[in-house]
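Asker: Next comes the sequence, and after it the predicted model I'd like to discuss.
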Amino acid sequence: MEKYLDLLHGVSLMARLLAVLWMVAPPNITLTEKDIQKDMNRRRPGNSKFVSQRKESDKIEILSGIFNGKTTGTPIAILIRNEDKRSRDYESIKNKFRPGHADFTYFKKYGIRDYRGGGRQSARETASRVAAGAIAKIVLKNIVGKKFNINGAVTQLGLMGCDRNNWNNNEIKRNPFFCPDKKSVKLWEKYLLAVRKSGSSCGAIIELRANGVPAGLGAPIYSKLDSDIAAALMSINAVKGVNIGSGMSSAYLSGEENSDEIRSRSGKIKFKSNNAGGILGGISSGQQIIASFAVKPTSSIINSRETIDKKGKNTKISVKGRHDPCVGIRAVPIGEAMLSCVLLDHFLMNRAQCG
């Protein structure tokens with residue numbers, strides 16, 4: 001499903017066709033705008049005082065691929081309009097490059113860039129991913145059954161972590177941080193308000209957990225399930241690192257600690273641990289798929305930073321406007337969407353190969 005994403009780039013943000021699923025959903029699956037809108041509402045700005053105060057309804061309009069509430073097996077086209085744009089907020093910095101932002105590299109590559117808060121380097125582009133992922137989730141539930149689900153959460157907000165042993169899916173839905181640990185929410189509120197008040201920003205770590213994924217998805221060399229997941233998550237704006245299972249922490253473990261011992265009980269296979277994140281040799285083991293990714297601090301901050309302008313002259317920049325103090329918060333539904341797209345890709349490839 002990730003194959004369609006290239007088709008979304010470079011289209012006007014004023015009225016943009018955001019999702020065209022060329023890896024078409026199978027026919028006769030019940031799908032309505034309401035089903036997709038649920039995830040769109042989780043990603044949109046203006047949901048709390050801890051994210052960008054832009055007011056975007058992110059209301060989707062299905063243009064094709066659905067008839068009488070069911071998929072037709074043809075490409076699904078979805079339109080999402082920008083409503084609350086303020087291009088004037090970027091006028092004072094149109095000739096300057098934001099440090100830590102893609103302004104510089106895009107200009108060097110193309111010789112032109114859209115400085116109005118849009119363009120391919122804008123996180124606004126991720127709305128399309130969430131729309132596509134919502135459809136992928138619904139298709140997966142039809143294929144796998146109700147046991148399939150994906151839950152994402154912020155497990156690290158800047159310097160503030162949480163107790164992952166207190167993971168509660170219901171709690172994730174109750175707080176504005178997508179935090180799985182109820183005890184951490186109040187501390188996170190004070191921390192992020194202080195970060196915003198100081199004119200700065202912070203990063204985040206998002207963890208994704210997929211249940212109900214059977215063994216056998218993926219391939220030993222090409223199209224490894226974990227490499228495809230890593231590529232999909234790394235393609236999200238501002239992501240700078242990905243872990244599968246224990247990930248980088250695996251380097252600190254002994255062979256005994258890292259090995260996920262296997263036992264059989266009453267004919268059922270059980271793993272004693274899941275350091276591999278549910279993937280061995282590029283193929284799913286039937287365990288919970290666990291992946292996490294790191295999102296860098298928002299580059300657009302009020303505090304003055306040194307930079308250069310389009311002519312290469314030294315200058316300073318301070319970015320005003322309605323920016324997220326932590327862009328990682330709204331990355332939770334985006335990460336869920338990308339994982340859903342990859343898993344659906346592999347389900348359908350596996351079906352074609354193995355029946």
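Answerer: Done, it's in. Predicted, not measured: the structure shown is a model, and the values here were computed from it.
Asker: next structured bit after the worst-scoring helix or strand of the chain on mean pLDDT?
Answerer: In the chain, no helix or strand scores lower on mean pLDDT, DSSP states H and E than strand 15-21, which sits at a mean of 36. The C-terminal neighbour of strand 15-21 among helices and strands, as given by DSSP states H and E, is helix 33-43.
Asker: Buried residues of that next one, list them for me.
Answerer: For helix 33-43, the neighbour count (16 or more other Cβ atoms under 10 Å) marks Ile36, Gln37, Asp39, Met40, Arg42, Arg43 as buried. C-beta: built from backbone N, CA, C; applies to glycine.
Asker: do stretch 254-262 as well
Answerer: Asn258, Asp260.
Asker: For the stretch 101-250 of the chain, which segments count as strands?
Answerer: 149-157, 160-161, 204-211, 239-244 (DSSP state E, counting those that start in this stretch).
Asker: So which elements touch the longest helix seen in the chain?
Answerer: The helix spanning the most residues in the chain, taking DSSP state H as the definition, is helix 332-354. Under the contact definition 3 or more Cβ pairs under 8 Å, 6 or more residues apart in numbering; DSSP states H and E, helix 332-354 sits against helix 33-43, helix 126-144, strand 149-157, strand 204-211, helix 225-234, strand 289-295.
Asker: so which strand or helix has Leu79?
Answerer: strand 76-81.
Asker: least confident pick among the buried residues of helix 33-43?
Answerer: Ranked by pLDDT, the buried residues of helix 33-43 bottom out at Arg43 (83).
Asker: Pull up the gap between that residue and Asn149, please.
Answerer: 18 Å (Cβ to Cβ, to the nearest Å).
Asker: for Phe67, same thing?
Answerer: 28 Å.
Asker: What of Pro297?
Answerer: 30 Å.
Asker: Who has more neighbours out of the two?
Answerer: More neighbours surround Pro297 than the other of Pro297 and Asn149, with 19 against 15 (other Cβ atoms under 10 Å).
Asker: OK, contacts around the more buried one?
Answerer: By Cβ atoms under 8 Å, 6 or more residues apart in numbering, the contact list for Pro297 reads Gly100, Gly158, Ser200, Ser201, Cys202, Gly203, Cys326, Val327.
Asker: and it, which of the three is it?
Answerer: coil (DSSP: H, G, I helix; E, B strand; the rest coil).
Asker: Ramachandran coordinates for it?
Answerer: phi -60, psi 150 (degrees, to the nearest 10).
Asker: Output the below-cut-off pLDDT ranges for this protein.
Answerer: In the predicted model of the chain, residues 1-24, 45-56, 83-89, 117-119, 322, 355 satisfy pLDDT under 70.
Asker: change it to 80
Answerer: 1-25, 44-57, 82-90, 116-124, 321-323, 355 (pLDDT under 80).
Asker: most distant residue from the middle of it?
Answerer: Ser266 (38.7 Å; Cα atoms, centre = their mean).
Asker: list the contacts for the closest residue to Asp39 other than its chain neighbours?
Answerer: Among residues not flanking Asp39 along the chain, Ala134 sits closest, at 4.2 Å (Cβ to Cβ, 6 or more residues apart in numbering). Listed by Cβ under 8 Å, 6+ apart, the contact set of Ala134 reads Asp35, Ile36, Lys38, Asp39, Met40, Ala337, Ser340.
Asker: With distance to Asn350 as added columns, please give those residues in JSON lines.
Answerer: Formatted as JSON lines, these follow (distance: Cβ to Cβ, whole Å):
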{"residue": "Asp35", "distance to Asn350": "25"}
{"residue": "Ile36", "distance to Asn350": "25"}
{"residue": "Lys38", "distance to Asn350": "27"}
{"residue": "Asp39", "distance to Asn350": "25"}
{"residue": "Met40", "distance to Asn350": "29"}
{"residue": "Ala337", "distance to Asn350": "20"}
{"residue": "Ser340", "distance to Asn350": "16"}
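Asker: ok, so of the residues you listed, who is nearest Val242?
Answerer: Ala337 (15.2 Å; Cβ to Cβ).
Asker: Count the residues that sit near that closest one.
Answerer: 29.
Asker: Can you tell me how far it is from Arg263?
Answerer: From Ala337 to Arg263 the distance is 35 Å (Cβ to Cβ).
Asker: now, which of the contacts of Ala134 sits nearest Pro214?
Answerer: Ser340 (15.5 Å).
Asker: thought that closest one was touching Lys141?
Answerer: No: look at Ser340 against Lys141 with Cβ atoms under 8 Å: they stay out of range, at 10.1 Å.
Asker: Show me which of those two is the more surrounded one.
Answerer: For Ser340 versus Lys141, the count of surrounding residues by other Cβ under 10 Å is larger for Ser340: 28 against 15.
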